[in-house]
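Engineer: quick one: sequence and predicted model below, then my questions.
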Amino acid sequence: MSDSYPQSALREWRAHMGHPATLVAILGVGLVLGVAGPFGTDVRLTLLPRIAYWLITVLLTYSAGTLCDALLKRPLARFDFWVHLAVTALATGVAILLVLLVVNYIVYGWLPDRDSLPAFLGTNFAIAIIVSVLLATVHRQSTPAEAISNPVRILDRLPLDKRGPLVALSVEDHYVRVQTTHAEDLILMRLSDAIAEVGDTKGAQVHRSHWAAFEHVTTARREGDRAILTMNTGTDIPVSRANVAKIKEAGLLP
């Protein structure tokens, strides 16, 4: 069995949704909307049913948005911030649209007709864009803060257009091939010196000639007493028998 990226993304999503801060925020927003009764819910529903409606709606729409973000974060890591935002917003909009259609049909028995559909879609995608911008901004602002404490100095050796999240390091003769989500380059140095410059990037030397960043592993599979890591750049990184335990500890293999 292999631990695929969708599985790791789902674990990340469940951890986020189960975090006390997330639950408190959802509760707070749901209560505020329940009392305020926007979009005509103050007319259609009495107070307690309205609060229940908004708590469920906020929970399901936020869950849909964060699930889309978790599933798309790694596949879109190599792209520009605005491309990432646009694709995530579109996927989030579709997911939220389906959630709202189901919830409103169950509660009101209502589906938008031709006249109300434009306003319904506009509101839906406006919410999706807001959720996506908030999530993307949090990710964008948190990355530099983490990098300041222990920067990824190996990236300073790369041309500006090749810099990005670190994916893997591999030995080639007297050089180290440095892979990022944007590109790769050869640097004349020892692998051990390159590994010393990965900073806070979570990963490990999985072979005498290879180091891999765990965040960018798409799949991990066994091959006899060894293993193979497939990175999100499409590269396969071999894992020696002595290092299989490392990727098990990282949750990449059962």
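Structural biologist: Thanks, I have the structure now.

Engineer: list the contacts of residue 80.
Structural biologist: Residue 80 makes no contacts at all, as judged by Cβ atoms under 8 Å, 6 or more residues apart in numbering. Backbone N, C-alpha and C define where each C-beta goes, glycine included.

Engineer: state the phi and psi torsions of it.
Structural biologist: Torsion angles at residue 80 (phi, psi; degrees, to the nearest 10) stand at phi -60, psi 150.

Engineer: repeat for residue 167
Structural biologist: phi -110, psi -50.

Engineer: next: residue 197.
Structural biologist: The phi/psi pair for residue 197 (degrees, to the nearest 10) is phi -110, psi 20.

Engineer: and it, what pLDDT?
Structural biologist: Residue 197 carries a pLDDT value of 92.

Engineer: my read: residue 176 touches residue 192, true?
Structural biologist: No: the pair residue 176 and residue 192 does not pass the contact test of Cβ atoms under 8 Å, sitting 9.7 Å apart.

Engineer: more neighbours: which of these two?
Structural biologist: Neighbour count, other Cβ atoms under 10 Å: between residue 176 and residue 192, residue 176 has more, with 24 against 10.

Engineer: contacting residues around the closest residue to the more buried one other than its chain neighbours?
Structural biologist: Residue nearest to residue 176 in three dimensions, not counting chain neighbours: residue 194, with 4.5 Å by Cβ to Cβ, 6 or more residues apart in numbering. Counting by Cβ under 8 Å, 6+ apart, residue 194 touches 154, 169, 176, 178, 187, 211.

Engineer: sort out which of those residues are in strands and list them.
Structural biologist: Of the positions in the contacts of residue 194, 169, 176, 178, 187, 211 sit in strands, assigned by DSSP state E.

Engineer: can you give me the helices in the stretch 51-200 of the chain?
Structural biologist: Counting by DSSP state H, counting those that start in this stretch, the stretch 51-200 of the chain has helices at residues 81-108, 117-149, 191-195.
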